[in-house]
Structures are given as structure tokens and as C-alpha cells.
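Trainee: what follows is a protein structure lacking sequence information:
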DNA sequence: GAACGCTTGGAGAGCGCTTTCCAGTCTTCG
DNA sequence: CGAAGACTGGAAAGCGCTCTCCAAGCGTTC
């Protein structure tokens, strides 16, 4: 068993026969150290099994080598089943994977922070205190005050998904309107005459954009009215919405995400409709669910991993140069043609 | 805009007209403070917008209020696409959700740590240095040295999934053998005569248990030989395995997880087999994929969220009392009967 | 040979916080 | 009325690290 106390700089210095300062310089790779001493110090580090104490280091450097992934859900409560849904959704995992692909090679850690409205002040304080060098924010509620607070406190931050209102803060987003328009074009090109839409929650910006984008594009093709039903991005809600829409006898449906589209497919099938012959269905996200569906889902590709990776890069750049320009990058979605439309 | 420097204890003390020590006592809710002073201090805290610096606090208390979720993947590399698969898999999200359900109410943060073999020493050092109070470990490789290192260093840790070899470390696990046996019973009870199995990777303990449990149970019913094909828990690999198994003309298939079962269902369908009439299929996990499948998947329920929550509780208890007993809790799986068998 | 510049390593002052120790104050009882 | 006891609150010593000075050593140059 190892001793209770971990070796400190002091210990290494004693073993190497130099001062703390010198060891610190060697460990941190600062020049101006005699190569021979360098050698001696490293072997002392080896010998003692020294590992720098990040906390102590961060306290003085004000750099933690950590970024926070903030999941802001000011509107939900602890016992809300919503959270478990959120984590189980591929969305969360894809974002984490994308972030990690950049953060890990950079040697930066990821800390998961969930905060409700009460936690905002504390979060901002913790962040400013050096708990993390910056934050990637996943804003769930429509009008989240958090991005504003972050901007005001000048904390390096990048949003995934545009803020509800213009803010001096970087973000990555998808051209949701374009994606929805792509779906509309495809449906129209197939000759669909009675097109419906299953949308996401009305108060989420991404969801809004898909709605307006779709409606606008359909209107351009003479379809001024599109029967719609809203879901909450879960498969179950997709089933429900589809059932409600069945009365409209649609021959084409655009669904605001794949999970709901999966539900729609199920309902259509149970209703004896053939897809795509009787009803064409287009999803959104190109998640793994799209490929697993039968018929395989024609969908709008949402390169979430790439976007998260880009967010991580933007954040790292901003941490490096906090004075840099606020920037945002918008990804163009593409239509992935499979069997459902 | 706020000032660059954050208020410190010192500042609050000055405003309140007391000493740093007193403010610290008040903020940390230590008794022995005159109620009146108490009041004064709080309003000074309010007024200055003081937020304690966790780093500084942790440095002295040796408690960080954070636990690490360690994803140990000593065998893969940074550019390995495996990682993105891992995060996109519902498994990861379900674990995070389960952990959070306990950690969040307890005010404990979660830090995500991915480490390869090279990072083990550093990780253990960081943990001992107080970076985190404990670790929940998701061991990917079969024979991972990390749990052993953690145990040796006496770091509070809980594994999700039993260690490859006995170790003085707590863990939560599923009775995988029992689960597999349940599937076997069900298939046999249906009267299946030609049963096959699609297994997971041969070197993962959970996967091994499902294999031996299934074979043993089948043997008990006189089926000494079960044709098998191994996948890697992805849907694609499930398709592949099913295609290979088609030659055996099975009338029942047990698949070691739902994702692969989804793939199997697809192949079966394309091969013109009806499920469950021609071939009965049983999955494992009862993930959301099971419900989304058509026919809905009969599967073995794996209460991953509950298990992760339990892991968090065990960890917290161990952090509280490091001398406590090493304990493990094994969950009993249940059969969820749906349409595929 | 003295003055100068350069490199190298040590001393020490914090970073913001907790916590022990101790002095001062107020009770209370003999 | 004085001393023992119970509380309160302050001073100060660190936690482990970085980094700014500063002193010492050495080679140059005039």
C-alpha cells in the first residue's frame, strides 16, 4: 500500500537536491534549466511517483484544463422524468462524443454541469472562479437567461444551437430552415398533394426554424396550409401526433426529428398505409434510428458530432484568446435519400 | 460589466466588518456564530456577490464535491471510431442519467474522464490529489488494470459491471446468466427446436456471462449445441451475425443486446421470415430500441438507470466512509414479453 | 583587472480557503 | 465578589503550486 500523503513538489525538490522552483520549472518545461539538472529532477519525479496537484496549480494559474458541458434546464425539476429522457436520447451522446473528439487530444477534461434557474449565479461564479476555463452550453428551455449571464460575465462559452435572442456569444447551429425546405422540396417533387408536418415543441428555436422553414418552402409551391401537430421529440409523441394527423389523410409527412418519425412510421403501418407509396415520410437528424427504421428513413442529415467538435474548437480558441471575435458557424444540412420518401 | 477580480472571503469580511474566519464559518454553516453577525455576514455576501472558490476550498479540505465517470478504454486509440459509437449508444446516456439522478440532488458534480492505458497513473494521481472524491468506472476492455490500481490506491470507486477478476472494489452488475437463462426458457417454452445465439464480444465479462448462461440453460433442456455468431453490440454487427446464422435455419434466436436484435430483425424480414411465427427473437437490455422495433422486441430488462443510480449511492457512501465494507449489488433481470417471441 | 552582460537557481510572496489555537467576553455559581 | 466555565471571534498557519524578483556564477571585453 502507498503512503497516505502524496509526494509534493517539496519532496521531489528534496530528493533532487534543488529548490521547489526548479522542479516546477522542469515539470512545466520552462527553459533556462541546466540539462543536467533537468535529468536529475526527472529521475526524482520518477522515483517519488510525483503527480502535480491540479487544484493547487489551477488556483494560481487560473487555468483548469477543464471545460464544462452545461445542460441548462431552468424549467424542469429534479424529479422530472424529462432528464432521463434527455440523456437516453442519442442527442446527448452524440454531442459528448463530438466534444471529446477534440477535447481529449487537447488534454482537456469535460465536466458535466446540470443547472436549473437557481443554479445560474453559482455556476457563473464557479466558472469565473476558475472551476472550468469555459463552457459549452446545451440550452433546453426556449428563453434561457444563462447565455446572457455568461456573456455578461465574459466567460468563454459556445452554445450549441443559436440563442433565442442575439447575444455576444459564439455558437454553432444548423441551418434548420434550409433543412426543412429540403424536405419540402423532396415531398413536392414526389408529387405529394396533402402534406402534413409533425413538429417539435413550439418554444425551442431549432424547432421553430424547422416549422417556419417548412411552411415557407411549401408556400412557395402553392401549399399555403400545412396541417401540423406538435410533439416533444420522443418516439411516443411522434406516434401521438401521427395518429392525430391521420384524419388529414396525408400523402406526405415531414417529421422534425427521427425519433418522432419512427413513431409516425409505426402508426402509419398499423393504419395499413404503405410507406412511401401511400405516405412519404421524411425525418430529421439522420440519427442511427433512421437507418434502423423500416422502411429506412429518408431524413435531413444533422452533423451533430461535427458541430459539437467545432464548438469545442471554438471554445478552446476563445479560452486561448478571450478577446477574439465572437463567431458562429452554421452547418448546412443535406437530404439523405433512403426508402421512406 | 463586472470587475475582473471576484470578491473573496477577505472582501466579504471587510464589508461585514469581521474577520475572514468568521465569514468562512457563516458560509459553511458552522455553529458558534452570533445570530446577529450571521445576518450581517450574509448580507455582505449578498452585497458583494460572493461565490466561494471551490478550488481553494478543495485544496484545503481535500474534498472536491465531484466524482469522476471514468471511461477506461486502454485498448483503443484516439482516432478509433469506436468511441463515437460508444457515446452514441444509449448505454452511455442511460448510465449518465442514472448517475445524475442521485448525484444532482446530492450537489455532487460529475466529471467525465476518458483514459487509455497511458493515462492510468496520472488518473490515479489526480484522483488521490483530490481532483475528485471518487470514481465510477466503466471498463471497456476485458482485462482492465485500472480497477486494480484504484483499489490499491484506496480510491473510493464503484465499477459498473463486475471486474474480470476478484478485487476489493465495489460494483453493481446484472445477473447476466440469469437473464440469458430466462431467454432460453422462453424460447424452449415456445417449442423452438433450432435455437441460435448472437453474442457480444467474447472478452467482455457481461457478454461471457450471457453466453454461458444461455448455453447452460439450453443444455438443461437437452439442447447441447447452440449455433452462435459474435457481434460487437452494434446493429450492423447484428445484421451480419444474423445473415451468417440464416444457414442454420433457426426457429429461435437469442441476441445479446437490443441493438443487434434490431439488426437481426431487419435481416430476418428481408429474408422473408416472419417473426415470431417462423423465428422467435429475444433481445437483451430493454432499451428504447426494443419498443421501437417491429415487431416490438421481447427482451431481457436491464435496469441500467437504476444500477447507475445505485452505483452513485454506493460511491457516495464510500466517500463518506472510506473504511466501509466493499459491497456489490447484483440486479435480477426480468423477461419483458412483447411480440417478437 | 574591473566592469558588464548573460544565464541559472533560490527565496518568498501569494492564489483563496479552512481550521486550530487562543484571547477576550459574558454567565453563573460558590 | 471572584473564579470557573461556556461561547465567540480573531490571528495565523498552512493546503501545493507558480512566478517574480534577486543573487550568484561565469565568460567577455576594454
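Mentor: Yep, that arrived. Computed from a predicted model, the values in this text were never measured in an experiment.

Trainee: and the closest residue to residue A:51 other than its chain neighbours, how many neighbours?
Mentor: Excluding the flanking residues, the one nearest residue A:51 by C-beta to C-beta, 6 or more residues apart in numbering or on different chains is residue B:125, at 2.7 Å. For every residue, glycine as well, the C-beta is placed using N, CA and C. Neighbours of residue B:125 under the rule other C-beta atoms under 10 Å in any protein chain shown: 19.

Trainee: residue B:125 in helix, strand or coil?
Mentor: Under DSSP: H, G, I helix; E, B strand; the rest coil, residue B:125 falls in the helix class.

Trainee: now do residue A:300
Mentor: strand.

Trainee: wait, it touches residue A:184, no?
Mentor: No: contact criterion C-beta atoms under 8 Å: residue A:300 and residue A:184 do not qualify, at 10.7 Å.

Trainee: tell me the pLDDT of the closest residue to residue A:260 other than its chain neighbours.
Mentor: Spatial nearest neighbour of residue A:260, excluding adjacent residues (C-beta to C-beta, 6+ apart): residue A:238 at 2.9 Å. pLDDT, residue A:238: 95.

Trainee: so what pLDDT did residue A:3 get?
Mentor: 47.

Trainee: so where is chain A shaky, pLDDT-wise?
Mentor: Applying pLDDT under 70 to chain A flags residues A:1-4, A:74-84.

Trainee: OK, contacts around the residue most central in space within it?
Mentor: The centroid of chain A falls nearest to residue A:95 when counting by C-alpha atoms, centre = their mean (4.1 Å). Counting by C-beta atoms under 8 Å, 6 or more residues apart in numbering or on different chains, residue A:95 makes contact with A:69, A:138, A:160, A:304, A:305, A:308.

Trainee: that one sits in which helix or strand?
Mentor: Using DSSP states H and E, residue A:95 maps to helix A:90-103.

Trainee: got it, and residue A:197?
Mentor: In the assignment (DSSP H and E), residue A:197 maps to strand A:195-199.

Trainee: for that strand, packing partners?
Mentor: Where contact means 3 or more C-beta pairs under 8 Å, 6 or more residues apart in numbering or on different chains; DSSP states H and E, strand A:195-199 is packed against helix A:176-189, helix A:205-220, strand A:228-230, helix A:235-245, strand A:252-255, helix A:258-270.

Trainee: most tightly surrounded among those?
Mentor: strand A:252-255 (a mean of 31; mean count of other C-beta atoms under 10 Å in any protein chain shown).

Trainee: that strand and chain B in contact?
Mentor: No: on the criterion C-beta under 8 Å from any C-beta of the partner chain, strand A:252-255 is out of touch with chain B, staying 13.9 Å away.

Trainee: check the offset of that strand from the chain's centre.
Mentor: Centroid separation for strand A:252-255 versus its chain: 25 Å, with C-alpha atoms, centre = their mean, to the nearest Å.

Trainee: which other helices and strands does it contact?
Mentor: Looks like strand A:252-255 contacts helix A:176-189, strand A:195-199, helix A:235-245, helix A:258-270, strand A:280-285 (3+ C-beta pairs under 8 Å, 6+ apart).
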